[in-house]
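**Student:** Please find the sequence and the predicted model below.
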4 protein chains.
Amino acid sequence: MRIGVLTSGGDCPGLNAVIRSVVHRAVVDHGDEVIGFHDGWKGLLEGDHRPLDLDDVAGILARGGTILGSSRVQPGHLVDGVERAKGHVADLGLDAIIPIGGEGTLKAANIFAEAGLPIVGVPKTIDNDIASTDVTFGFDTAVGVATEALDRLKTTAESHQRVLIVEVMGRHTGWIALHSGMAAGAHAIVVPERPFDIEELAARVGARFEAGKRFAIVVAAEGAKPREGSMEFDEGGRDMYGHERFAGIARQLSGELERRLGKEARPVILGHVQRGGTPTAYDRVLATRFGWHAVEAAHRGEFGMLTALRGTDIVMVPLAEAVKTLKTVPTERYAEAETVL
Amino acid sequence: MRIGVLTSGGDCPGLNAVIRSVVHRAVVDHGDEVIGFHDGWKGLLEGDHRPLDLDDVAGILARGGTILGSSRVQPGHLVDGVERAKGHVADLGLDAIIPIGGEGTLKAANIFAEAGLPIVGVPKTIDNDIASTDVTFGFDTAVGVATEALDRLKTTAESHQRVLIVEVMGRHTGWIALHSGMAAGAHAIVVPERPFDIEELAARVGARFEAGKRFAIVVAAEGAKPREGSMEFDEGGRDMYGHERFAGIARQLSGELERRLGKEARPVILGHVQRGGTPTAYDRVLATRFGWHAVEAAHRGEFGMLTALRGTDIVMVPLAEAVKTLKTVPTERYAEAETVL
Amino acid sequence: MRIGVLTSGGDCPGLNAVIRSVVHRAVVDHGDEVIGFHDGWKGLLEGDHRPLDLDDVAGILARGGTILGSSRVQPGHLVDGVERAKGHVADLGLDAIIPIGGEGTLKAANIFAEAGLPIVGVPKTIDNDIASTDVTFGFDTAVGVATEALDRLKTTAESHQRVLIVEVMGRHTGWIALHSGMAAGAHAIVVPERPFDIEELAARVGARFEAGKRFAIVVAAEGAKPREGSMEFDEGGRDMYGHERFAGIARQLSGELERRLGKEARPVILGHVQRGGTPTAYDRVLATRFGWHAVEAAHRGEFGMLTALRGTDIVMVPLAEAVKTLKTVPTERYAEAETVL
Amino acid sequence: MRIGVLTSGGDCPGLNAVIRSVVHRAVVDHGDEVIGFHDGWKGLLEGDHRPLDLDDVAGILARGGTILGSSRVQPGHLVDGVERAKGHVADLGLDAIIPIGGEGTLKAANIFAEAGLPIVGVPKTIDNDIASTDVTFGFDTAVGVATEALDRLKTTAESHQRVLIVEVMGRHTGWIALHSGMAAGAHAIVVPERPFDIEELAARVGARFEAGKRFAIVVAAEGAKPREGSMEFDEGGRDMYGHERFAGIARQLSGELERRLGKEARPVILGHVQRGGTPTAYDRVLATRFGWHAVEAAHRGEFGMLTALRGTDIVMVPLAEAVKTLKTVPTERYAEAETVL
């Protein structure tokens, strides 16, 4: 069998572990050939690739990033590229293509699959918002990095008697905020799924100080937003980092809380450290299993599917179903976190 | 409501997170009283306890060990203690008891529950071998510690052109060996569930050197053993550490492999570092959820049950069912690990 | 002997280790009494304190922050407070006062010492800019945190083919930038001591891309600034975080480099994580030694001095001398870093 | 200029950082050529080498081990090899040789230097026992790994009410034991420099339990030994690991302390994890500086010298002087550690 593999979208710890696992399973156990496309879908569309053998994946299991490179190509553009992709697949004699990517990538993968290409998807996102799988690799690492930062920030907040508002990744969903906030014992967590009321938030944080505590930690998903009308955006409300984020929630909250509580409040924006570097053991195991099972699915001819974790099993799920909806934080999970604040 | 909590058995990262979560949920949300028994079942049998309020659990979420202390009391002894325990529970006016422990603890909990005590169990073991839950807290931390050690040992093995045999915890099951071995890319993994053939193992490791590699890492669960007749135990086969382990598999393997392969082989025994210290974010979240749901079960009057993770949900499972059998590594999981070696 | 101890200024990993060491050495070996003043100089001026015994310092060695609290009181105000401080010292019968703090604290300490109070200072700053000591505790932890973040960011930068500009602490000196940049193999380092020319910097980074590399990491001390006239500040040049920093160098550089190089450039601001949390082993040892030797100096009657590391020895240095000048990065150290870029 | 570099002796975090720094400084700034000998002196004696260019050292700064491989060749054998080495050096047209190694390596280096070869040594040892330098790289990483393990073990010891005896590296000197023991707040530290009296040690540990504490941690350098006649060795006193260590001090102490104190005591042997893996930022900076200055010394024609840290400066010291004596832990350093126990 001839298998092509590519990584697409934002950086995510565990990408290399998937690539390595695909090559090991395919080459060692099935005697397959594997080729890697460069820089995501771009490599497939332009026929830019190289062979991947055991030596190419030696030592990459614990390395962050992706040895194949990545890019953010919009699914919209890909539709036009179906024919080009088909041409390259035919020329290369590929029997299966394994794209590893997030929501956008999987939508594109679905388009290709519906156009008849032999696709087995592997879901990837630090945000953990793919609906069809219990967990995605990269998420555990992101939560771990955020939690370690929160652990450190707690002592600083305490020594200085401050409110710290810590912005973590999560534009559309609050999974990283929820888990890192629970893990670090944050005193309030705001997420996109549940627009916050600034008065209530200030009251919650203020109650801590009234109870004699000297500091508070608020974890804010970058996509968290105030309930309609609860807060006015000033000029600082526009994107401060670049193109991809809509606002600086931590800075806005920091100003609001300082004003309302009369306590020093400071924003901390964790940023890109959450998505790079060595994956946790959890993510390496999950990524390795995904790679292994993707190769198996290809050999069984199960195309148009993606690998998913359900409980402790890896199962195959239709791509079409997987990309329908985002997995958001359910209310009851939020309740669990709120109790222990 | 009045709730008693205790921690029993070996140390496990996340115990304090459960205690804290029980107190938070019970005291803050339900207005309950919580008391903690000292040193496991011993505290319940001897009526040795103290009140637990919010201040008592401040700052313990990320701390290893257990603020309540622990001990290893045999279930056999506990049967005799049922009446004493009942007496203390009545005297203290307890409406629920939440024991946090491993297999032995849960068996004792089941005996107490069948004797009519209002028990809600919380499973705990770094070994991950409780059948009724997908995962137990403590396991992720143990795997993380072992993986980090394996990452470090790889460079040493490579520089010195050695075989390293790294013994990890797991007397009856190979979960830690399997996950840390997969996460670190070990070249062979031996577990109790699958007695190894020393010839096959030596051949597998030897094949690496024949392929031009300069080192190999073997991960051995402490309870791994050779297939009947495949290896002779010498005098060194007896317990080298103390009372609790039956043998030193890493030292045995190291001697055998050095002799058979003509390569320097060295044992490394990770030992107690795997069960102490700060829990990972994963374990803190799971432990916190278990504590929260144990309180809820108590309020719903669901006794004789234990908390369990199924997929992403926390569910309640009958204690009687949970202690029937150990969860061992299934063959297909082992196959996944073997491919990528 | 009766000894008072206080911690003043910004958070710094190792403060608790000094406090613990002072108490251990004084109480165990000398039979002294120790009291701790709350919230820095404020506690001394207001007579706000508590006794410190062995139990009070149990378990704090590895904990970030300071159990005594801190505050940023300006030396200017302290002059007015000399008489009040003297009064409290006399009332409490103190034979020695050990203030632990940075430049500002030590200047105040010097004023008090010159006014006749029995002061033994302990230098503290993550910035490593106290002239009289080879190293200050807290610095190693800050460098470690920054380096770990840089290690993570490298893989992200590489996967996305970006320039990342990482802002680390250091308003007046570039020690953290220099050491973390060297440790992580940054491709350019800008520090306050050496105003940069934006053209040269862009050329240096651009040369990497011309040589076929796919990413670059620039480490910028927060106090780094362009050479006079080399760069125009836009409106974004004002402080984005709050009161204490003068500008956002990473954001400015990111805009400039993106424009000049035609490559995606992104700022990452590490912020407060650099100054909180568990100290490294290095910082714990240094802090412990400082505490020990401060008590010894007090017993020898060596007042008006501060502890300092010279090579591997702890020596006593006059406070008056120590606060004269900041220790800046010498040109030859910068040359070492530049070579390996 | 043509420079040869080699790494010899046991694994040590930072070796790759030195190699990288030598190549960067030599190739980029001086336009030199660099070649690397394989597997230590063996490569020089057998003429086994390869060119080292910038690409060969890309990405190795933070990697443990050595890309050149290592071996333990005895200085005795090297004497016979002087002529062979000279031959290869002449054939290769080498202007300088930079051996990176510990005591044995530097003794060999000195013999070669005295025989007229252009040697610039770089000291390397996790044990920190080279007399002519304040610190060697690798030491900080080893101390960090040991301290992290001790931090974890403390909670286990406390939960189980045990004495843990933790064996760290250090056959001839106690530097790792001293620093990790101080950093982790160990309750007793035994080192080779100061043979211990088992009665005194037991009394010290026992005093903790009498004072109501529930656990104790003893750190033992692997070369620590009882004062003559203070303790009888049983059969277990022989080397349990393999060829290189003389005894198992942790196991001996564990038996002795358990018997004398009537408390459960357990040995933990940290082993090879202390010498492998990613170096700390401290070690990377020191290693990088050593490499840089070794190249400078070569260009100045300062041969027969080795790089050394003195305070914050890198200086050159005669090899002959550096290998005369081991740097042992001075009594006053031990006193500092003993106070805070």
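**Tutor:** Everything's here; your move. The shown structure was predicted, so the numbers you read here are calculated from the model rather than taken from an experiment.
**Student:** for A:Ala207, helix, strand, or coil?
**Tutor:** helix (DSSP: H, G, I helix; E, B strand; the rest coil).
**Student:** For the longest helix anywhere in chain A, enumerate the helices and strands it packs against.
**Tutor:** Counting by DSSP state H, the longest helix found in chain A is helix A:139-160. Judged by 3 or more Cβ pairs under 8 Å, 6 or more residues apart in numbering or on different chains; DSSP states H and E, helix A:139-160 is in contact with strand A:163-168, helix A:175-184, strand A:216-221, helix A:281-300, helix B:281-300. All C-beta spots, glycine's among them, are computed from the backbone N, C-alpha and C.
**Student:** Switch these over to CSV; also include distance to A:Gly144.
**Tutor:** Listed next are those as CSV, based on distance: least, Cβ to Cβ, whole Å:
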stretch, distance to A:Gly144
strand A:163-168, 12
helix A:175-184, 8
strand A:216-221, 14
helix A:281-300, 9
helix B:281-300, 5
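**Student:** JSON lines please, covering the ones you listed and showing mean pLDDT and mean neighbour count.
**Tutor:** Compiled in JSON lines, those are given as follows (pLDDT from 0 to 100; neighbours: other Cβ atoms under 10 Å in any protein chain shown):
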{"stretch": "strand A:163-168", "mean pLDDT": "97", "mean neighbour count": "28"}
{"stretch": "helix A:175-184", "mean pLDDT": "98", "mean neighbour count": "29"}
{"stretch": "strand A:216-221", "mean pLDDT": "97", "mean neighbour count": "29"}
{"stretch": "helix A:281-300", "mean pLDDT": "98", "mean neighbour count": "25"}
{"stretch": "helix B:281-300", "mean pLDDT": "98", "mean neighbour count": "25"}
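**Student:** what would those look like in a markdown table with distance to chain C?
**Tutor:** Formatted as a markdown table, the entries for the helices and strands packed on helix A:139-160 read as follows, by distance: least, Cβ to the nearest Cβ, whole Å:
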| stretch | distance to chain C |
| --- | --- |
| strand A:163-168 | 7 |
| helix A:175-184 | 11 |
| strand A:216-221 | 11 |
| helix A:281-300 | 13 |
| helix B:281-300 | 15 |
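**Student:** residues contacting the residue sitting nearest the centre point of chain A?
**Tutor:** Averaging the C-alpha coordinates of chain A gives a centre point, and the residue nearest to it by Cα atoms, centre = their mean is A:Ile126 (2.0 Å). Residues in contact with A:Ile126, defined by Cβ atoms under 8 Å, 6 or more residues apart in numbering or on different chains, are A:10, A:12-13, A:136, A:138-139, A:141-142, A:169, A:176, A:274-275.
**Student:** ok, now with 10 Å
**Tutor:** Contacts of A:Ile126 were listed using Cβ atoms under 10 Å, 6 or more residues apart in numbering or on different chains, and they are A:10-14, A:102, A:136-143, A:145-146, A:169-170, A:175-176, A:274-276, A:283.
**Student:** hmm, back to that, can you check which of the helices and strands packed on helix A:139-160 gets nearest to C:Glu302?
**Tutor:** Distances from C:Glu302 to each of the helices and strands packed on helix A:139-160 were compared by Cβ to Cβ, and the smallest falls on strand A:163-168, at 39.6 Å.
**Student:** what about that closest one, near chain B?
**Tutor:** No. Strand A:163-168 lies apart from chain B when judged by Cβ under 10 Å from any Cβ of the partner chain; the minimum separation is 11.8 Å.
**Student:** can you check stretch A:328-339 too?
**Tutor:** Yes. Under the criterion of Cβ under 10 Å from any Cβ, stretch A:328-339 makes contact with chain B via A:330, A:332-333, A:335-339.
**Student:** Please indicate which of the residues you listed has the highest neighbour count?
**Tutor:** A:Ala337 (26 neighbours; other Cβ atoms under 10 Å in any protein chain shown).
**Student:** Skipping its backbone neighbours, what lies nearest that residue in space?
**Tutor:** Leaving aside its sequence neighbours, A:Ala337 sits nearest to A:Met182 (Cβ to Cβ, 6 or more residues apart in numbering or on different chains; 4.9 Å).
**Student:** For the one you found, which residues are in contact?
**Tutor:** Contact partners of A:Met182, counting by Cβ under 10 Å, 6+ apart, are A:143, A:147, A:189, A:219, A:333, A:336-341, B:17, B:21, B:61, B:281, B:284-289, B:292.
**Student:** give me that answer again for 6 Å
**Tutor:** Applying Cβ atoms under 6 Å, 6 or more residues apart in numbering or on different chains, we find A:Met182 in contact with A:337, B:285, B:288.
**Student:** so how far is chain D from the first one?
**Tutor:** In this view, A:Ala337 and chain D are 25 Å apart by Cβ to the nearest Cβ, to the nearest Å.
**Student:** coming back round to it: how close does the residue nearest to the centre of chain A sit to chain D?
**Tutor:** Relative to chain D, and taking Cβ to the nearest Cβ, A:Ile126 is found at 22 Å.
**Student:** Over to A:Val329?
**Tutor:** Computed as Cβ to the nearest Cβ, the A:Val329 to chain D distance reads 32 Å.
**Student:** What of A:Ala142?
**Tutor:** 20 Å.
**Student:** Mind exporting the C-alpha coordinates of the least confident helix or strand in chain A by mean pLDDT to CSV?
**Tutor:** Sorting the helices and strands of chain A by mean pLDDT, DSSP states H and E puts helix A:75-92 at the bottom, at a mean of 83. Output of helix A:75-92 as CSV, limited to C-alpha atoms (Å, rounded to 0.1, in the frame of the first residue of the first chain):
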residue,chain,number,x,y,z
PRO,A,75,-11.4,24.8,2.9
GLY,A,76,-13.0,27.1,0.4
HIS,A,77,-9.9,27.2,-1.7
LEU,A,78,-9.6,23.5,-1.6
VAL,A,79,-12.8,22.8,-3.5
ASP,A,80,-11.1,24.3,-6.5
GLY,A,81,-8.2,22.0,-5.8
VAL,A,82,-10.0,18.7,-5.8
GLU,A,83,-9.0,17.9,-9.4
ARG,A,84,-5.4,18.9,-8.8
ALA,A,85,-5.3,16.8,-5.7
LYS,A,86,-6.8,13.9,-7.6
GLY,A,87,-4.2,14.2,-10.2
HIS,A,88,-1.3,14.1,-7.7
VAL,A,89,-2.8,11.1,-5.9
ALA,A,90,-3.2,9.3,-9.2
ASP,A,91,0.4,10.1,-10.3
LEU,A,92,1.8,9.0,-7.0
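**Student:** what are the ranges of the helices in chain A?
**Tutor:** When secondary structure is read from DSSP H, chain A shows helices at A:15-23, A:30, A:41-46, A:75-92, A:103-114, A:139-160, A:175-184, A:198-210, A:249-261, A:281-300, A:319-322, A:331-339.
**Student:** For A:Leu68, find the nearest of those.
**Tutor:** helix A:15-23 (6.6 Å).
**Student:** and the closest one, what does it pack onto?
**Tutor:** Under the contact criterion of 3 or more Cβ pairs under 6 Å, 6 or more residues apart in numbering or on different chains; DSSP states H and E, helix A:15-23 touches helix A:281-300.
**Student:** what's the helix it packs on in contact with?
**Tutor:** Defining contact as Cβ under 6 Å, 6+ apart, one finds that helix A:281-300 is touched by A:13-14, A:17-18, A:21-22, A:25-26, A:96, A:98, A:120, A:122, A:137, A:140-141, A:305, A:307, A:314, A:316, B:143-144, B:147, B:179, B:182-183, B:336, B:340.
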